[in-house]
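Asker: I would like to see how this sequence folds:
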Amino acid sequence: MKLQMRDIVKTYGNVIANNKVNIDLNDGEILAIVGENGAGKSTIMKILYGLEKPDSGEIFIDGKKVNFKSPIDAMKHNIGMVQQHFMLFGSMTVAENIVYNNEIKKGIFFDKKANIQRVQELSNAYGLKVDANAIVDDCPVGTQQRVEILKTLYQNASVIIFDEPSAVLTPNEVDELLNTIRKLAESGKSIILITHKLNEVMAVADRVVVMRAGEVVANLNKADTTIDEMSYLMIGRQTVDLKLRSQNVGEQILKVENLQMGSANGKKVLNGVSLEVNAGEIVGIAGVSGNGQTELIRCITGLERNYVGKVFVCGKDVSNQGVNVVRSAGLSNIPEDRYVWGSARNASLLDNFLMGEEDSEKFSKHGILKQAEIKKYAEGLIQDYSIKVDNSKQKIQELSGGNAQKVITAREIERDCPVTIACEPTRGIDIGAMEFVHERLVNKRNNNGGILLVSSELSEILKLSDRIYVMYNGKLNYEFKHGEVDERKLGQLMLGGTINE
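Answerer: So this is what the prediction gives:
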């Protein structure tokens, strides 16, 4: 199936998200679309999948003009999308999720045996192993992604869009995913891969479209380009290879002792977790999502009080205390989800920068906010952190993901607390914003701050951490110093492997 998008224009108010974008996709081709957050790549894919309507421009399939008013229209034309955030029903089985809304029936009833058989046939045909009877919530992330792909294949998709598909996968699962993408292309499927991981582009893509500021700036054959060239085209400058400088660590500023926490079903979510962070170091926690990292950070930061064990911040016992007590003791937090925990989406940048500091003498007097001082502070951070905004009164939900992340990073690092927790600080953001966040974290470390870094991005953990803990099944099983372990071995340990494998 030949796909063409011609002169696509999409605007949101004064923002031009897509400016006369042209995309071509051939049968059996893997096309990677790369660019910074806000470059327009997600918007152009939403238009292709019927989630957004262009202001102008045309889409052609095999030379015939088509008009998509919704994803249903796109699916009718055999276009499917594997979402970054899986669209699955957790309480239903794998088979029920895959065949949902297009079930095989016996009369008016769901034919369980026939549906399971069809899913198994599809699974075998594409080498995507799943247990058709398993409950989705009980499946690991890599399996859930296979379910998403099989769901798309069940809908007879000829064009499959992958949106940041490896964001939550281990290295072994990424290898499996890339192999699946290759096999799909070999079987005649046309693939569009949206990613900021340029090593994955080099591993599987046939062609690369680079977008910047809403426009296509390059259309390259993979064989004719390099990661350095793509990085330069994406952000308009060369990236800097950040190195950790050797330094002596200072006093202990975060200590966790024997944290224990159970879940509603009686399973131990945290099972005797102990760790420490000293001034002048970054300590990484590597683990597959769902192994207790979220609960650990909630306990440390005061969001969770239903636990046994001790937490000390700068020598103060803050065990089972609330967020205000923990923050006052000297801890700031870049949270896992920038919109759920890190910001108020409908609030202005001024309000988001101020969060947690409303009562400080710097910004209020006798309960009255010093608006001029707040504005000056916010605009200073906007400039220092190169945050792309129209003005400081703009809502944070109007910013790209990378710029929203910079707002939260700026607020938490500039509080100048001795300890900063950084959870998934670069998830879903582009190479330019990622480089900037890394630089700020390392600067804090170099200035005698202590950072606890929780990330599913192993390259990030390995690059930034002075020490690394491996978390699996609610426990910290291993500890390494910088340079003592590689990405593949770390990936095995994250899945429950042992040091001798």
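
Asker: Contacts only, for residue 157.
Answerer: Shown in contact with residue 157 (Cβ atoms under 8 Å, 6 or more residues apart in numbering): 75, 78-80, 189. C-betas here are computed from N, CA, C, even on glycine.

Asker: Okay, it and residue 228: tell me how far apart.
Answerer: 34 Å (Cβ to Cβ, to the nearest Å).

Asker: again with residue 378
Answerer: Relative to residue 228, and taking Cβ to Cβ, residue 378 is found at 35 Å.

Asker: by contact count, what packs against the helix or strand of the chain with the lowest mean pLDDT?
Answerer: Each helix and strand of the chain was given a mean pLDDT (mean pLDDT, DSSP states H and E); the minimum falls on helix 487-494 at a mean of 82. Secondary-structure packing of helix 487-494 (3 or more Cβ pairs under 8 Å, 6 or more residues apart in numbering; DSSP states H and E): helix 171-186, strand 281-286, helix 458-464, strand 467-472.

Asker: okay if I get the ones you listed as TSV plus mean neighbour count and distance to residue 493?
Answerer: Shown next, in TSV, are the helices and strands packed on helix 487-494 (neighbours: other Cβ atoms under 10 Å; distance: least, Cβ to Cβ, whole Å):
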stretch	mean neighbour count	distance to residue 493
helix 171-186	17	11
strand 281-286	25	8
helix 458-464	20	11
strand 467-472	22	5
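
Asker: Would you reformat these as JSON lines and include mean pLDDT and distance to residue 250?
Answerer: Shown next, in JSON lines, are the helices and strands packed on helix 487-494 (pLDDT from 0 to 100; distance: least, Cβ to Cβ, whole Å):
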{"stretch": "helix 171-186", "mean pLDDT": "85", "distance to residue 250": "33"}
{"stretch": "strand 281-286", "mean pLDDT": "95", "distance to residue 250": "9"}
{"stretch": "helix 458-464", "mean pLDDT": "87", "distance to residue 250": "18"}
{"stretch": "strand 467-472", "mean pLDDT": "93", "distance to residue 250": "14"}
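
Asker: coming back round to it: of the contacts of residue 157 - the most surrounded one?
Answerer: Neighbour counts for those peak at residue 79, which has 27 neighbours (criterion: other Cβ atoms under 10 Å).

Asker: Run a quick neighbour tally on the closest residue to that one other than its chain neighbours.
Answerer: Once flanking residues are discounted, residue 79 sits nearest to residue 159: 4.6 Å by Cβ to Cβ, 6 or more residues apart in numbering. By other Cβ under 10 Å, the residues close to residue 159 number 24.

Asker: How much space separates residue 159 from residue 442?
Answerer: To residue 442, residue 159 is 41 Å away according to Cβ to Cβ.

Asker: Reformat the helices and strands packed on helix 487-494 as TSV; add distance to residue 204.
Answerer: Below are the helices and strands packed on helix 487-494 laid out as TSV (distance: least, Cβ to Cβ, whole Å):
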stretch	distance to residue 204
helix 171-186	5
strand 281-286	25
helix 458-464	18
strand 467-472	28
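
Asker: follow-up on the earlier one: any idea how far the residue nearest to residue 79 lies from residue 410?
Answerer: 39 Å.

Asker: now swap in residue 292 and tell me
Answerer: 29 Å.

Asker: tell me the contacts of residue 461?
Answerer: Neighbour list for residue 461: 284-286, 453, 455, 468, 490 [criterion: Cβ under 8 Å, 6+ apart].

Asker: From these, pick the one nearest residue 152.
Answerer: Comparing the contacts of residue 461 against residue 152 with Cβ to Cβ places residue 455 closest, at 28.1 Å.

Asker: Report the buried residues of stretch 443-450.
Answerer: Residues of stretch 443-450 classed as buried: 444-445, 448-450 (neighbour count, 16 or more other Cβ atoms under 10 Å).

Asker: quick one: that stretch to chain centroid distance?
Answerer: Here stretch 443-450 shows a centroid-to-chain-centroid distance of 25 Å under the convention Cα atoms, centre = their mean, to the nearest Å.

Asker: can you give me the end-to-end distance of that stretch?
Answerer: 11 Å (Cα to Cα, to the nearest Å).

Asker: Just give me the residue closest to the centre of this protein.
Answerer: Centroid check for the chain by Cα atoms, centre = their mean gives residue 427 as the closest residue, at 3.1 Å.

Asker: quick one: contacts for that one?
Answerer: With Cβ under 8 Å, 6+ apart, residue 427 has these contacts: 167, 336, 455-457.

Asker: Buried ones only from these, please, as a PyMOL command.
Answerer: In PyMOL, this line selects whichever of the contacts of residue 427 come out buried by 16+ other Cβ under 10 Å:
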select buried, resi 167+336+455+456+457
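
Asker: Can you flag which of the contacts of residue 427 belong to helices?
Answerer: Residues of those located in helices (DSSP state H): none.
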